[in-house]
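In: pasting the sequence and the predicted model now:
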Amino acid sequence: MKITKDLYQSSLALLTDFYQLTMAYAYWKSGKAEQEAVFNLFFRKNPFQGGYTIAAGLDYIIDYCRNFRFDDADLHYLAEMKNADGQLTFEAEFIEYLRDLDFSCDIDAVEEGTVVFPNIPIIRVKGPLIQCQLLETPLLNIVNFQTLIATKASRITLAAKGDSVLEFGLRRAQGIDGALAASRASYIGGCSATSNVMAGKLFGIPVSGTHAHSWIMSFDSELEAFHAYADAFPDKCVFLVDTYDTVNGIKNAIEVGKSLREKGKEMLGIRIDSGDLAYYSNIAREMLDEAGFRNAKIVASNDLDEQIITSLKVQEASIDVWGVGTKLVTAYDQPALGAVYKLAAVKLESGVWEPKVKVSQQSIKINIPGKHGVVRFIKNGKALADMIFLDEAHEERNAYVIIDPNDPTKRKKINVNGLERELLLKPIFRAGEKIYNRPGIKQIRENAQKNLLLFDKAHKRFVNPHIYPVGLEENLYQMRTELVLKMKNYDNEQ
Ligand SMILES: Nc1ncnc2c1ncn2[C@@H]1O[C@H](COP(=O)(O)OP(=O)(O)OP(=O)(O)O)[C@@H](O)[C@H]1O
Ligand SMILES: O=P(O)(O)OC[C@H]1O[C@H](OP(=O)(O)OP(=O)(O)O)[C@H](O)[C@@H]1O
Ligand SMILES: O=C(O)c1cccnc1
């Protein structure tokens, strides 16, 4: 198998949970396959106990949907599949139905790099029930991971307060595809470059790096190793100084930096990868400045994350560039986002959309029924609140009351006079045709940076962040409450 972005452009229809296929078969059998439906993809809690999330993964989803088909090998596999009793799982006629299945859904989605919050539909799929259903697992697989990593990268780069963050995660990432997707999402979230060369080639992300301890260890002395590296890369030297003794390593880097300077070249800096990073970076800064290398950068690495970077900033460590691997690409402290994909409405024969709700003992798990839109209200460059509304029944008003979906006592009145409004869901596919022009990865990263500026720093702090208001428009809230009561058969209960 070719390990490239082409992976998403070949047939991946079987990259799904078996139950999606059994449901697809049963929808077909019961004549419901072509009934129109709407599904929403959303998450219930910001990851990392944070106050915001950065959406990512749409670009992969576009490729997945455009290439959605069962190829001959897939169909052969399904045609031969047997139940425990030895009977074929699927009828031959159903296999032929799958052969002719042509992606024809409408998809609306929040653009990559957009700041999003719990309950907002970040992807809305409308189309034949069978197609919407078959998309559940792959859409979740793609969005859950990339959104999680883009958010982690955003937190880490916010902690670095404008310093460059290099993503070094490939060796510790969750497999090959995990590594590639993580490099992409890390860049969207704010990293400046990746060490992953294939990610650079596939996605157009800047590639960067220093050298490893093995380089030093392969020579008789550290000084010799630094000289040899300087000969190979006179304009790109970042010397790793902690292989034997960090202070001595800094001295050696300075010595080689001086000889480079005699040749009209300048070392870029040093890297420290162990020990007390505040202590050694401050010593390094003093030594470098004293030797006339004020522009030499100090790179730090070693199991960094947003908490350690924040602490090192408080300690006034002299670190200019942060190399972050394991804890970024594995989303170490929260390995999954937990986004879900729920049926929200079906179209009746009469043409009327019927909202659907899943009732749960836990109110946080009750979905928001209906076909929605999301509007973000913005005042003087600051986002005030997001409102989820019933797309079909929406009327423009001068003021709205939005209601927290999990707590009806939490409400906010929004007077729209003087406010900017942004509709967050953008049209991506119409009847299976892509109508969205994909921005390049650099544009997505820039959009994410700009989008973050809309939000108060209170929502971005790591400890007990201030909760950004996301609410249901009153009519939607009312409809949902009535539907839940109806489905619980409340009137009949004694
Ligand atoms: N001044 C500091 N304040 C807070 N955390 C730090 C500081 N200096 C280093 N760390 C972090 O402490 C953790 C462990 O560092 P430690 O000094 O134990 O590693 P090390 O044993 O020197 O490195 P290695 O095991 O890679 O050789 C790392 O996550 C590192 O980023
Ligand atoms: O610490 P991370 O955030 O994952 O960043 C990547 C790490 O990978 C390299 O270490 P290496 O593989 O040589 O292992 P070691 O430094 O832990 O011995 C590098 O020196 C970083 O320490
Ligand atoms: O280039 C580096 O310094 C690097 C790359 C991968 C992992 N650790 C460090």
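Out: Structure's in. What do you need? Ligands and ions are numbered 1, 2, ... in the order given.
In: tell me if I am right that V346 is in a helix.
Out: No - V346 sits outside any helix when classified using DSSP: H, G, I helix; E, B strand; the rest coil, being strand.
In: so what's the residue count around it?
Out: Residues lying near V346 (other Cβ atoms under 10 Å) number 17. No exception for glycine: its C-beta is placed from N, CA and C like everyone else's.
In: before we move on, what about K365?
Out: 13.
In: from ligand 1, how far out is it?
Out: 36 Å (Cβ to the nearest ligand atom, to the nearest Å).
In: what lies in contact with stretch 325-334?
Out: 47-48, 148-149, 152-153, 156, 167-174, 178-179, 182-183, 186, 191, 301, 303-305 (Cβ atoms under 8 Å, 6 or more residues apart in numbering).
In: now do 6 Å
Out: 47-48, 148, 152, 156, 168-169, 172-173, 182, 186, 305 (Cβ atoms under 6 Å, 6 or more residues apart in numbering).
In: which parts of it are buried?
Out: 325-331, 334 (16 or more other Cβ atoms under 10 Å).
In: the residue of the stretch 101-250 of the chain found nearest ligand 3 - how many residues pack around it?
Out: Closest residue of the stretch 101-250 of the chain to ligand 3, Cβ to the nearest ligand atom: G209 (2.7 Å). G209 has 17 neighbours, counted by other Cβ under 10 Å.
In: contacts only, for it.
Out: S195.
In: would you map the strands across the stretch 201-350 of the chain?
Out: Assigned by DSSP state E, counting those that start in this stretch, the stretch 201-350 of the chain shows strands spanning 238-240, 269-272, 297-301, 321-324, 340-347.
In: mind listing the strands the first one pairs with, and their directions?
Out: Using DSSP bridges, the neighbouring strands of strand 238-240 in the sheet come out as strand 269-272 (parallel).
In: so which residues make contact with the strand it pairs with?
Out: Taking Cβ under 6 Å, 6+ apart as the rule, strand 269-272 contacts 210, 238-242, 253, 280, 296-300.
In: is ligand 1 within reach of that strand?
Out: No - Strand 269-272 does not reach ligand 1 (Cβ under 6 Å from any ligand atom); its nearest approach is 9.2 Å.
In: hmm, back to that, identify the farthest-apart pair in the contacts of stretch 325-334.
Out: P47 and F168 (21.0 Å; Cβ to Cβ).
In: over to the residue nearest to the spatial centre of the chain. Which of the three states is it?
Out: Taking Cα atoms, centre = their mean, the centroid of the chain lies closest to T147, which sits 1.6 Å from it. In three-state terms, and counting by three-state DSSP, T147 is helix.
In: for M81, see how far away it is.
Out: Relative to M81, T147 is positioned 33 Å away (Cβ to Cβ, to the nearest Å).
In: number of nearby residues for Q49?
Out: 12.
In: my bad, should have said V401
Out: 15.
In: now do K29
Out: K29: 13 neighbours (other Cβ under 10 Å).
In: and Q133, by the same measure?
Out: Neighbours around Q133, by other Cβ under 10 Å: 22.
In: how about the one 4 residues further on?
Out: The number of residues packed around T137, counting by other Cβ under 10 Å, is 16.
In: if I pick it, what's in contact with it?
Out: 16-17, 20.
In: out of those, which are inside strands?
Out: Among the contacts of T137, none falls in strands (DSSP state E).
In: among the residues you listed, which are in helices?
Out: Q20 (DSSP state H).
In: close to ligand 2: what parts of the stretch 101-250 of the chain are there?
Out: 168, 171-172, 212.
In: which of those are buried?
Out: 168, 172.
In: for the residues of the stretch 101-250 of the chain next to ligand 2, name the two members farthest from one another.
Out: Most distant of those, by Cβ to Cβ, are R172 and A212, 14.3 Å apart.
In: contacting residues around stretch 139-148?
Out: 41, 47, 55-57, 60-61, 181, 185, 331, 337, 339, 341.
In: an error on my part: the question was meant for stretch 377-387.
Out: Contacts of stretch 377-387 (Cβ under 6 Å, 6+ apart): 374-376, 402, 412, 414, 419-420, 454-455, 469-470, 473.
In: cutoff 8 Å now
Out: For stretch 377-387, the surrounding residues in contact (Cβ under 8 Å, 6+ apart) are 115, 117, 120, 374-376, 400, 402, 412, 414, 416, 418-422, 424, 453-456, 468-473.
In: out of the contacts of stretch 139-148, which comes closest to ligand 2?
Out: Nearest to ligand 2 among the contacts of stretch 139-148, with distances taken as Cβ to the nearest ligand atom, is A331, at 12.8 Å.
In: ok, the closest one to ligand 1 distance?
Out: Distance from A331 to ligand 1, by Cβ to the nearest ligand atom: 16 Å.
In: quick check: phi and psi on L483?
Out: In terms of degrees, to the nearest 10, the main-chain angles of L483 are phi -70, psi -40.
In: where in this protein is pLDDT low?
Out: Within the chain, the stretches with pLDDT under 70 are 1-10, 490-494.
In: how does it divide up, domain by domain?
Out: 1-68+104-209+325-494, 69-102 (automatic domain parsing).
In: now do the end-to-end distance for the shortest one.
Out: For domain 69-102, the first and last residues are 7 Å from each other (Cα to Cα, to the nearest Å).
In: how about that domain: buried residues?
Out: For domain 69-102, by 16+ other Cβ under 10 Å, it's 69-70, 74-75, 78-79, 90, 94-95, 97-98, 101.
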